[in-house]
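1. structure of the sequence below:
(one chain, ligands or ions: 1)
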Amino acid sequence: MCHCEERSDAAKRKIETMLNLIFFGPPGVGKGTQAARVAKFYKLIHVSTGDILREEIRLKTDLGMKVKDVMARGELVSDDLLIELLENTCSKHKGAKGFVFDGFPRTLRQAEALDEMMNRQDCKVAKVIALEVPAEELLRRLVNRAIEQGRTDDTVEVIKNRLIIYRNYTQPLIEFYKKKGIFVGVPGVGTIEDVFASLCNVIDNRY
Ligand code: ADP
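-> Down below sits the predicted model:
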């Protein structure tokens, strides 16, 4: 049965006007930078689960203490924690024009939980935008970032681990979103401005 027909007019309007995007891709691809710019430009809420978790660690909250070691190893924090974190974060922005999800979902379970959450709140994901960068460029960027930003979660061993985990757990989501017909790949090489322009074209359906 089509759920759309059961929705109220208000719900239908909301589903049409809200803009929810997922920024997808391996570590180092530039998701964070572009997600922040896109969110600012389209007046959407940028939800970076990595940033939220790092802030929890900095503030030494219970959650921060729980995830610290897992993150330091470059492994994934548990789905249950992430799903709860995401629901809490989104519920703080009830009237938002939309969200840019950056770093979430990273597993099939998270993707399904996001779908359920969207459905419950009469929303949908408009597009899953994957930034695409060749593997050797990715590694170069990650190593540079570790040096420049002193990100303690980015030693060479941890970087390799994060790439393997991406391949095993997150990459399979590409098929999940392709089947839904909302997956779009965008080249992530070029200046930040170039990539941003390509993203705007995709978001505005001009590609
Ligand atoms: P990057 O931008 O380099 O891909 P993030 O800043 O998004 O990395 O995330 C850093 C770390 O935070 C991850 O390696 C993982 O330990 C944890 N994390 C962030 N988002 C998730 C998620 N959706 N599921 C599980 N763990 C996550």
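2. alpha carbons only for contacts and neighbour counts from here, please
-> Noted.
3. Asn144: what's it in contact with?
-> By Cα atoms under 8 Å, 6 or more residues apart in numbering, no residues touch Asn144.
4. and it, how far is that from Arg109?
-> 32 Å (Cα to Cα, to the nearest Å).
5. got it, and Val158?
-> In this view, Val158 and Arg109 are 24 Å apart by Cα to Cα.
6. compare these two (neighbour count), which wins?
-> More crowded of Val158 and Arg109, by other Cα atoms under 10 Å: Val158, with 17 against 14.
7. secondary structure element for the more buried one?
-> Here Val158 is covered by helix 156-165, with elements defined by DSSP states H and E.
8. and Lys14, by the same measure?
-> With DSSP H and E as criterion, Lys14 is part of helix 9-17.
9. also Val186?
-> Val186 is located in strand 183-187, with elements delineated by DSSP H and E.
10. contact partners of that strand?
-> 127-133, 174, 177, 195, 198-199, 202.
11. kindly report the same for stretch 89-109.
-> For stretch 89-109, the external contacting residues (Cα under 8 Å, 6+ apart) are 17-24, 31-32, 35, 38-39, 43-50, 79, 110-111, 114, 166, 169-170, 172-173.
12. rerun that using 6 Å as the cut-off
-> 18-23, 44-49, 111, 169-170 (Cα atoms under 6 Å, 6 or more residues apart in numbering).
13. please enumerate the helices of this protein.
-> All helices of the chain, identified by DSSP state H, fall at 9-17, 31-42, 49-58, 62-72, 79-91, 108-120, 135-149, 156-165, 173-180, 192-203.
14. buried stuff in the first one?
-> Going back to what we said before, that points to helix 9-17. By neighbour count with 16 or more other Cα atoms under 10 Å, helix 9-17 contains the buried residues 14-15.
15. pLDDT averaged over that helix - what is it?
-> For helix 9-17, the mean per-residue pLDDT is 75.
16. what about the most centrally placed residue in the chain, distance to Lys179?
-> Central residue of the chain (Cα atoms, centre = their mean): Asp102, 2.3 Å from the mean position. Using Cα to Cα, Asp102 is found at 21 Å from Lys179.
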